[in-house]
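**Q** Just the structure for this:
(2 chains)
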Amino acid sequence: DAGVIQSPRHEVTEMGQEVTLRCKPISGHNSLFWYRQTMMRGLELLIYFNNNVPIDDSGMPEDRFSAKMPNASFSTLKIQPSEPRDSAVYFCASSLSGTSGSLYEQYFGPGTRLTVT
Amino acid sequence: SQQGEEDPQALSIQEGENATMNCSYKTSINNLQWYRQNSGRGLVHLILIRSNEREKHSGRLRVTLDTSKKSSSLLITASRAADTASYFCATDAPPSGYALNFGKGTSLLVTP
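**A** Residues are numbered from 1 along each chain as shown, chains lettered A, B, ... in the order given. Reported below is the predicted structural model:
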């Protein structure tokens, strides 16, 4: 298995531009998570999906952030418009969750390093 | 929101020594997991311990869980330079248990 795939690996953009991050979870996994990691705030959960349905988006910082999961093998995280404070490493992770929740480990992608100038 | 809190924030040891990292959390949990992150890479799952377990082993790793104290420890025995990384504990909590709350991690440096 190729693991969780994220693209792009690095993104440099100017303030005000739209940024789209992409994720392909591990085949067969039914849960998908988007995290943001910064030195100041550590690893923050932004949103998670179960069976392609958003379960909790309370971690999404602002309306500028949106995430979709149109099918079981693809998800996007979009920032529009981007701001310098959005600079961080964004991770996607997938997991196989049972009916009572996250009973198994999460598999992380390599991350997208976003720099907004 | 972050629930797990690792201690110490940074640890420096020599190869062959044991490394112990601690994690404290605030609310009841379903399970607790430990992850490793090498510089510039994604997190890698190391071990999962359920709330009804007290100790678990995996190779050179030993994890303990004390639910009465809401704490866990990760012991790496006979450390190697390749163990240099950041280590995170993560808890999932009832009722949904879907999401993991990560601490800020312990940065481990193992010198030859």
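
**Q** Let me know how buried residue 43 is, in neighbour terms.
**A** I'll assume chain A. The local packing of A:L43 (other Cβ atoms under 10 Å in any protein chain shown) involves 23 other residues. To be clear about C-beta, it is placed using only N, CA and C from the backbone, and glycine gets the same treatment.

**Q** not quite, I wanted chain B
**A** Taking other Cβ under 10 Å as the neighbour definition, B:L43 ends up with a count of 29.

**Q** Ok, B:V44 next?
**A** Number of residues near B:V44 (other Cβ under 10 Å) recorded here: 13.

**Q** Which stretches in chain A count as strands?
**A** With DSSP state E, the ranges of strands along chain A come out as A:5-7, A:10-13, A:19-24, A:31-38, A:42-50, A:53-56, A:65-71, A:74-79, A:88-95, A:106-108, A:112-116.

**Q** Make TSV out of those and add mean pLDDT.
**A** Below are the strands of chain A laid out as TSV (pLDDT from 0 to 100):
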stretch	mean pLDDT
strand A:5-7	97
strand A:10-13	97
strand A:19-24	98
strand A:31-38	94
strand A:42-50	91
strand A:53-56	90
strand A:65-71	97
strand A:74-79	98
strand A:88-95	96
strand A:106-108	93
strand A:112-116	98
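
**Q** Make JSON lines from those strands and add distance to chain B to it.
**A** Formatted as JSON lines, the entries for the strands of chain A read as follows, by distance: least, Cβ to the nearest Cβ, whole Å:
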{"stretch": "strand A:5-7", "distance to chain B": "8"}
{"stretch": "strand A:10-13", "distance to chain B": "11"}
{"stretch": "strand A:19-24", "distance to chain B": "11"}
{"stretch": "strand A:31-38", "distance to chain B": "6"}
{"stretch": "strand A:42-50", "distance to chain B": "4"}
{"stretch": "strand A:53-56", "distance to chain B": "6"}
{"stretch": "strand A:65-71", "distance to chain B": "14"}
{"stretch": "strand A:74-79", "distance to chain B": "15"}
{"stretch": "strand A:88-95", "distance to chain B": "6"}
{"stretch": "strand A:106-108", "distance to chain B": "4"}
{"stretch": "strand A:112-116", "distance to chain B": "8"}
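
**Q** Nearest to B:G59 among those strands would be which one?
**A** When these are ranked by proximity to B:G59, the top entry is strand A:106-108, at 19.0 Å, counting by Cβ to Cβ.

**Q** Quick one: distance of the closest one to the chain centre.
**A** For strand A:106-108, the distance from its own C-alpha centre to the chain's C-alpha centre is 11 Å (Cα atoms, centre = their mean, to the nearest Å).

**Q** do stretch A:11-26 as well
**A** 10 Å.

**Q** Next, the buried residues of it.
**A** Taking 16 or more other Cβ atoms under 10 Å in any protein chain shown as the neighbour-count basis, stretch A:11-26 is seen to contain the buried residues A:E11, A:T13, A:V19, A:L21, A:R22, A:C23, A:K24, A:P25, A:I26.

**Q** Show me what residue 108 is bridged to.
**A** Unless you meant another one, I'm taking chain A. Residues in a beta bridge with A:F108, per DSSP bridges, are A:A93.

**Q** Chain B, not that one
**A** B:L11, B:A85.

**Q** Tell me, how many residues neighbour it?
**A** The number of residues packed near B:L108 is 21, by other Cβ under 10 Å.

**Q** now A:R113
**A** Under the neighbour criterion other Cβ under 10 Å, A:R113 is assigned a count of 16.
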